[in-house]
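Q: need a structure here:
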Amino acid sequence: MRSPPPGRSARSLLRSGSYAILFGLAVVVLLGFGALAIDVAYVRLAQMQTQDIADAASQAALFRLRRTGDLDDARAAAASIVGENRVVGSEPVLEDVVFGTWDHNADPPVFDATEVRPNAVRAVVSRTGDNGVGLFLARLFGFDTAHITREATSSTRSLHVVLVMDITGSWNQSNFRNARNAAVAFLDVLESSYQEYDMIGMTIFSGRYAWEYTPMRYLSDEESDSVARTAWGQLNVASKGGKGRTFPTECAEKANTSPTTIGAPRNNFTVSNPGGCYPAMPREYTDEPGTDHTTGIIQARTMFEEQVDPTAFRAMVVLTDGIPNGPSAVHGVYRTTLGFVESRWREFKGPVPHSTNQIKTQSNTLTQEMYNDLGVNTWVVSFVANDPFMSTMPKGIGYYSNATTSAALIPIFEDIANSLPMAIVQ
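A: This is a model prediction of the structure:
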């Protein structure tokens, strides 16, 4: 037996050997914690990326399904999204695309697989098998890869939309024609991809009065659609023309003739068409001036309140051709004294004429209350006028747009229609 080196006993050698063993065990434990920290974080990152891709794939498939109604196109859209993305550096696999119906009102919501009028798409994305996520320090313990599968279900939300259109006489005909075309273009966008419970309506307003021009209707109702589309194609300003007036000279926009000459004919609703120069539109008396957005907004609120669907996305789009204009004189004396009652449309009459400042303040208050109480998101589009108060009216995801030319109204309305959210993701 060899003797221990000078100055060291056998006991000290045994002690140092124990330290080596302990150190070795500690290294293994530390590597284990390292594997746990590094690989768990790496796998977590891969899981989040896979989930994001599944979300995007289901959204893309749903968007394509809504636009085209073609299931194969929807699958292709999902596959394209998956192919363009990576999970920690490698391409994931689209395992499945399942179509179905999503019952928003169930608690919890229910997904039923079906290809008959589906309103939802479930995408399943993975990195599994030979395509699993490679690990690092965990390999020391025999774990080479992690297998990840994530799914996402996107479902359409029904849309409830009301357009609130300014028909005051300050429009000229060429500009109002573009406003009318903008509304129809908005309708075209929604009808290109509607779902069963999507609804749209229109209210029109001038000064103290607003009218439910087309009630809320289902886009899927072809007969109702035909009626509404015809009405929208006839949109015009509220005419003050009537008895004894000829078109186009005396019915031209802003036909400012002396009231002493035409006051009575303008106010005579018993002889000629109810709409005066524009029979399909409401008609005003000479003492009904002004532009009061609040009347149209209040009428729109009534329309929203009558449709009960807690899952619907509600949108209100307000179009005006100018800043508010509150009349200073008593409003509608002729209408009251002559006893005219509008019977073609449901009519809202403001309690009292508003001043211009009241219109500005209450427009903002009303849109805020509608957002708080009903979840109505508000967009505001102004033609030419750019009063600062209009930028405070939008609520939710809505925004304000100012059109410097009437031709710009059409793409603005199309952009708003395309921006309406149509899906929720689970």
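Q: ok now do residue 130, which residues does it touch?
A: With Cβ atoms under 8 Å, 6 or more residues apart in numbering as the criterion, no residue contacts residue 130. (Each C-beta comes from the backbone N, C-alpha and C, glycine too.)
Q: I'd like the distance between it and residue 141.
A: Noted for residue 130: a distance of 21 Å to residue 141, by Cβ to Cβ, to the nearest Å.
Q: Spit out the contact partners of residue 267.
A: Contacts of residue 267 (Cβ under 8 Å, 6+ apart): 242, 285-286, 334, 338.
Q: Spatially nearest residue to it, not counting backbone neighbours?
A: Once flanking residues are discounted, residue 267 sits nearest to residue 334: 4.6 Å by Cβ to Cβ, 6 or more residues apart in numbering.
Q: Check whether the one you found sits in a helix, strand or coil.
A: Classification of residue 334 using DSSP: H, G, I helix; E, B strand; the rest coil returns helix.
Q: swap in residue 116?
A: Here residue 116 is recorded as coil under three-state DSSP.
Q: Ok, residue 301 next?
A: With three-state DSSP as the basis, residue 301 sits in helix.
Q: burial of it, as a residue count?
A: 21 (other Cβ atoms under 10 Å).
Q: For residue 293, see how far away the closest residue to it other than its chain neighbours is.
A: Nearest residue to residue 301, sequence neighbours excluded (Cβ to Cβ, 6+ apart): residue 370, at 5.6 Å. To residue 293, residue 370 is 13 Å away according to Cβ to Cβ.
Q: now swap in residue 84 and tell me
A: From residue 84 to residue 293 the distance is 44 Å (Cβ to Cβ).
Q: Show the contacting residues for residue 240.
A: By Cβ under 8 Å, 6+ apart, the contact set of residue 240 is 169, 266, 276, 283-286.
Q: Can you give me every residue that contacts the closest residue to residue 404 other than its chain neighbours?
A: Spatial nearest neighbour of residue 404, chain neighbours left out: residue 384 (6.7 Å); criterion: Cβ to Cβ, 6+ apart. Residues in contact with residue 384 (Cβ under 8 Å, 6+ apart) are 321-322, 403-404.
Q: Just the ones in strands from the residues you listed, please.
A: Counted as lying in strands by DSSP state E, out of these, are residue 403.
Q: Closest to residue 417 out of the contacts of residue 384?
A: Using Cβ to Cβ, residue 403 is the member of the contacts of residue 384 that sits closest to residue 417, with 15.4 Å.
Q: Surely that closest one touches residue 386?
A: No. Counting by Cβ atoms under 8 Å, residue 386 is not a contact partner of residue 403; they are 9.8 Å apart.
Q: higher neighbour count, the two?
A: residue 403 (23 against 13).
Q: Return the distance of that one relative to residue 324.
A: On the measure of Cβ to Cβ, residue 403 and residue 324 end up 18 Å apart.
Q: and what of residue 176?
A: 19 Å.
Q: Same question for residue 345.
A: Distance check for residue 345 against residue 324: by Cβ to Cβ, it reads 23 Å.
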